[in-house]
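Asker: just the structure for this:
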Amino acid sequence: MKISLRALVVGATLSLASLSGAAYAENPMVGGMPMFENKDIIDNAVTSPDHTTLVAAVQAAGLVETLKGAGPFTVFAPVNAAFDALPAGTVDTLLKPESKDALVGVLTYHVVPGKILSTDLVKMISDAGGTLKVATVQGGELSFAVEGDMVKITDGNGGVATVTIADVVQSNGVIHVIDKVLLPKS
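Answerer: Residues are numbered from 1 along each chain as shown. Reported below is the predicted structural model:
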């Protein structure tokens with residue numbers, strides 16, 4: 001039986017690809033795309049069709065390198081529909097160069113230092129008596145509660161977001177997908 005070097009390389013590559021796919025089988029899909037634990041927050045986010053507005057905002061704010069950094073970070077990532085639900089013109093205004101500071105403030109309000117998985121978050125909420133207040137990278141505070149089997153996040157203005165996909169593990173933290181944009185107290 002004669003096997004060529006090319007056949008061995010192709011076979012080894014396919015075996016490794018199938019093994020690496022199995023290693024990430026538990027990480028949830030986001031926007032129909034696989035999210036890989038060995039990729040950072042940005043490298044995964046850019047593949048999600050549900051997060052194109054968030055990615056554009058992160059780029060406009062100059063936060064790409066920060067979110068590619070070592071972290072760890074916990075990011076509450078609003079989907080495109082969450083940005084679409086903001087008052088008309090809000091996103092366009094935030095993406096203007098003269099609004100960069102405000103944009104950075106909104107985006108960093110969605111980030112908490114550390115890697116907080118949903119099981120840890122739910123336990124922290126329970127330990128805090130049902131409502132947990134957490135400081136964000138922006139400096140403001142978010143309130144977390146469990147309603148039914150869902151984690152709800154209340155921002156500084158009383159807006160409420162729901163975690164729709166939890167525990168999207170990254171090499172530098174974790175993403176929890178949410179259905180609303182969180183806004184710091186105005």
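
Asker: please make it C-alpha for all contacts and neighbour counts, starting now.
Answerer: Will do.

Asker: so which elements touch the strand or helix carrying residue 167?
Answerer: Taking DSSP states H and E as the definition, one finds residue 167 inside strand 160-170. For strand 160-170, the contact count by 3 or more CA pairs under 8 Å, 6 or more residues apart in numbering; DSSP states H and E identifies strand 150-154, strand 173-178 as packing neighbours.

Asker: any chance of those in JSON lines, plus distance to residue 113?
Answerer: JSON lines is the format used below for these (distance: least, CA to CA, whole Å):
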{"stretch": "strand 150-154", "distance to residue 113": "16"}
{"stretch": "strand 173-178", "distance to residue 113": "9"}
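
Asker: centroid-nearest residue for this protein?
Answerer: Here the mean C-alpha position of the chain is nearest to the C-alpha of residue 175 (CA atoms, centre = their mean), at a distance of 3.2 Å.

Asker: ramachandran angles for residue 131?
Answerer: For residue 131, the backbone dihedrals are phi -140, psi 130 (criterion: degrees, to the nearest 10).

Asker: the spatially closest residue to it that is not a sequence neighbour pairs with what?
Answerer: Take residue 131 and drop its neighbours on the chain: the residue closest to it by CA to CA, 6 or more residues apart in numbering is residue 145, 4.9 Å away. Listed beta-bridge partners, residue 145: residue 152 (assigned using DSSP bridges).

Asker: distance-wise, check residue 145 relative to residue 157.
Answerer: In this view, residue 145 and residue 157 are 16 Å apart by CA to CA, to the nearest Å.

Asker: neighbour count winner among those two?
Answerer: Between residue 145 and residue 157, counted using other CA atoms under 10 Å, the more crowded position is residue 145 (22 against 12).
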